[in-house]
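In: sequence plus the predicted model coming up.
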Amino acid sequence: MNLQGKKVLVFGSGKSGIGAAELLGQVGAEPVIYDGNADLDKEAVVHKVKHCKDIRVYAGELPQEVRKALDLVVLSPGVPTDIPIVKSFYEQGLPVWGEVELAYRTGKGRVLAITGTNGKTTTTALLGKIMGDAEESVFVVGNIGTPYTSKALEMQDNTTTVAEISSFQLETIEEFAPKVSAILNITEDHLNRHHTMEEYIRVKELIVKNQTADDFCILNYEDPVLREFGRNITPKVVYFSSVRRLEEGIYLDGDQIILKTSEEEIPLVRTGELKLLGQHNFENVMAASAMAYYAGVPVESIRKSICEFTAVEHRIEYVTEKNGVVYYNDSKGTNPDAAIKGIQAMNRPTLLIGGGYDKGSGYDEWLNAFDGKVRYLVLIGQTRDKIKAAAERLGVCPCILCENLEEAVKVCAEKANPGDAVLLSPACASWGQFDNYEQRGDMFKEYVRNL
């Protein structure tokens, strides 16, 4: 569709909606913004849109005369496709695109796209680094935080776009066709939006909808849904596995990641050379490496990039090494479930800083996951006494109570031996002592660097 002069409704006034409206203005379309929230500050939205002078913003009700004049609707990812007003656009015969479809149609170059329930952000950031180290024009966009639409007009024919794509964004694709796609895993999530697991799976699998036999799709062999899905799709399938050797694909064999093609077996990297920890991260490395390899990046370049890459901020993030002690920031471990991943990723004796705001969680499962690795549990915040009582009841490790995070870091530095790790993975929210988990993680890093 030639967008010049087209009247386009952008549904949603957040970051994605603003990005879409600006892009539409730059390509000569006539966008208007609509938001279902009747209390929306329309003036504030107008001021955010830089490339459309006097853009109109509607909130609550959408006038019939505006609706009748439309040529296209662009939905922000947060807008469900099954609400009455969106259904009425379809009934009106209007094309309904998502922000990803709009960006794809106006951008240039090729796209490498990643979806899945868990691990998308780390894999996207890692693939972005690999491609950025190997090529001149690379953009990392999508669900990772930078709207795809905000970069589309900067793309050239030689551009590679690395895109993190959510299920919400996949619902509204039409022509979107990645050169290499990946589905990392599918576990129960977003059922309030997709209603059934079957529908959630169907939407995730749309990432391959427009791929051809010349394209590639990277899939997790250990996910039974994806293993079966890979048997009957058009693009060439490359599986990854963290638990078995594959006839062809990329897999973890002991402490080594092996890439096996029809022609050769390539030892890619030993896990000890990576700054990322834990099996879930080794899967992310395999997925990103396979995507880069089949996008044409040389093996040596991939190896160098993955060894340099540090974790996404606040998620088992390597901070530094001091006096033979390695420090990790897992402030994003805001509940016991997430914090279990943090301690499971540790491969050395660990001093663990935990505790924070009390969300009413139980801590037994987290404490039992310590598996003898934790030398000291250093506790802060509202939950410190509750966690200490549970740890003593289970007999998992000695506990030390501290008044604040700064004191906890100093205590860990005093008690740690060379070869130990100090891990901030609180299993609790940050409120009470910090505004959010990001601030908590940033303060931890500052205290560590000041040691």
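Out: Arrived safely, thanks for sending. Numbers count the residues shown, from 1 in each chain.

In: just give me the neighbour total for K108.
Out: Neighbours of K108 under the rule other C-beta atoms under 10 Å: 14. Every residue, glycine included, has its C-beta placed from N, CA and C.

In: quick one: contacts for it?
Out: Applying C-beta atoms under 8 Å, 6 or more residues apart in numbering, we find K108 in contact with 155-157, 159.

In: buried subset of these?
Out: Buried by 16 or more other C-beta atoms under 10 Å: 155, 159, out of the contacts of K108.

In: listing request: residues of the stretch 351-451 of the chain with sub-threshold pLDDT.
Out: By pLDDT under 70, the stretch 351-451 of the chain contains no weakly predicted segment.

In: in it, which spans are strands?
Out: Applying DSSP state E, counting those that start in this stretch to the stretch 351-451 of the chain gives strands spanning 374-379, 399-401, 421-424.

In: how about those in JSON lines, adding distance to Y58?
Out: Listed next are these as JSON lines, based on distance: least, C-beta to C-beta, whole Å:
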{"stretch": "strand 374-379", "distance to Y58": "51"}
{"stretch": "strand 399-401", "distance to Y58": "55"}
{"stretch": "strand 421-424", "distance to Y58": "46"}
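
In: quick check: I144 touching S166?
Out: No: at 10.1 Å, I144 and S166 do not qualify as touching, with contact defined as C-beta atoms under 8 Å.

In: just flag the most distant two among the contacts of K108.
Out: Largest separation among the contacts of K108 by C-beta to C-beta: M155 and D157, giving 8.5 Å.

In: shared neighbours of these two, which are they?
Out: Both M155 and D157 are in contact with 108-109, where contact means C-beta under 8 Å, 6+ apart.

In: in the protein, which residue sits furthest out from the middle?
Out: Most distant residue from the mean C-alpha position of the chain: E65, 39.9 Å away (C-alpha atoms, centre = their mean).

In: state the mean pLDDT of the host helix or strand of that residue.
Out: Using DSSP states H and E, E65 falls within helix 64-68. Average pLDDT, helix 64-68: 93.

In: contacts for that helix, please.
Out: 9, 32, 58, 92.

In: could you do stretch 376-385 as well?
Out: If you take C-beta under 8 Å, 6+ apart as the criterion, stretch 376-385 is touched by 351-358, 363, 370, 387-388, 391, 396-405, 407-408, 411-412, 415, 426, 428, 432-433.

In: that one: end-to-end distance?
Out: One end of stretch 376-385 to the other measures 15 Å (C-alpha to C-alpha, to the nearest Å).

In: can you list the buried residues in it?
Out: For stretch 376-385, a neighbour-count test (16+ other C-beta under 10 Å) marks 376-384 as buried.

In: next one: stretch 294-303
Out: Residues 294-295, 297, 299, 301-303 are the ones in stretch 294-303 that count as buried (16+ other C-beta under 10 Å).

In: and stretch 368-375, what's buried?
Out: Of all the residues in stretch 368-375, those buried under the rule 16+ other C-beta under 10 Å are 369-370, 373-375.

In: of all the strands of the stretch 351-451 of the chain, which one is nearest K42?
Out: Across those, K42 has its closest neighbour in strand 421-424 (42.2 Å, C-beta to C-beta).

In: in the stretch 201-350 of the chain, where is pLDDT below threshold?
Out: The stretch 201-350 of the chain contains no residues with pLDDT under 70.

In: ranges for the helices of it?
Out: Ranges of helices in the stretch 201-350 of the chain, per DSSP state H, counting those that start in this stretch, are 224-229, 279-294, 299-308, 336-345.

In: could the ones you listed go into JSON lines alongside distance to L252?
Out: Shown next, in JSON lines, are the helices of the stretch 201-350 of the chain (distance: least, C-beta to C-beta, whole Å):
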{"stretch": "helix 224-229", "distance to L252": "16"}
{"stretch": "helix 279-294", "distance to L252": "6"}
{"stretch": "helix 299-308", "distance to L252": "13"}
{"stretch": "helix 336-345", "distance to L252": "14"}
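
In: please identify the most buried of the ones you listed.
Out: Most buried of those, by mean neighbour count (mean count of other C-beta atoms under 10 Å): helix 279-294, with a mean of 25.

In: what's the angle from it to helix 299-308?
Out: With axes from the mean of the first three to the mean of the last three C-alpha atoms, to 10 degrees defining the directions, helix 279-294 sits at 150 degrees from helix 299-308.

In: between the contacts of helix 64-68, which is nearest Y327?
Out: Checking these against Y327 by C-beta to C-beta gives L9 as the nearest, at 49.6 Å.

In: show me the contacts for that closest one.
Out: For L9, the contact set (C-beta under 8 Å, 6+ apart) comprises 31-34, 62, 66-67, 70, 72-74, 89.

In: ok, back up a step: quick one: which of the contacts of stretch 376-385 sit in helices?
Out: Counted as lying in helices by DSSP state H, out of the contacts of stretch 376-385, are 387-388, 391, 405, 407-408, 411-412, 415.

In: nearest to A20 among these?
Out: Nearest to A20 out of the ones in helices among the contacts of stretch 376-385 is L405 (C-beta to C-beta; 40.2 Å).

In: so how far is K129 from that closest one?
Out: Distance of L405 to K129, given as C-beta to C-beta, to the nearest Å: 29 Å.

In: between those two, which is the more surrounded one?
Out: Shown here are L405 and K129; by other C-beta under 10 Å, L405 has more neighbours (25 against 20).

In: my guess is that one contacts F444. True?
Out: Yes: under the criterion of C-beta under 8 Å, L405 makes contact with F444 at 6.1 Å.

In: which residues do the two both contact?
Out: Common contact partners of L405 and F444 (C-beta under 8 Å, 6+ apart): 353, 424.

In: before we move on, the earlier item: and the buried residues of stretch 294-303 as TSV, adding distance to E264?
Out: Below are those laid out as TSV (distance: C-beta to C-beta, whole Å):
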residue	distance to E264
Y294	14
A295	18
V297	16
V299	10
S301	17
I302	15
R303	15
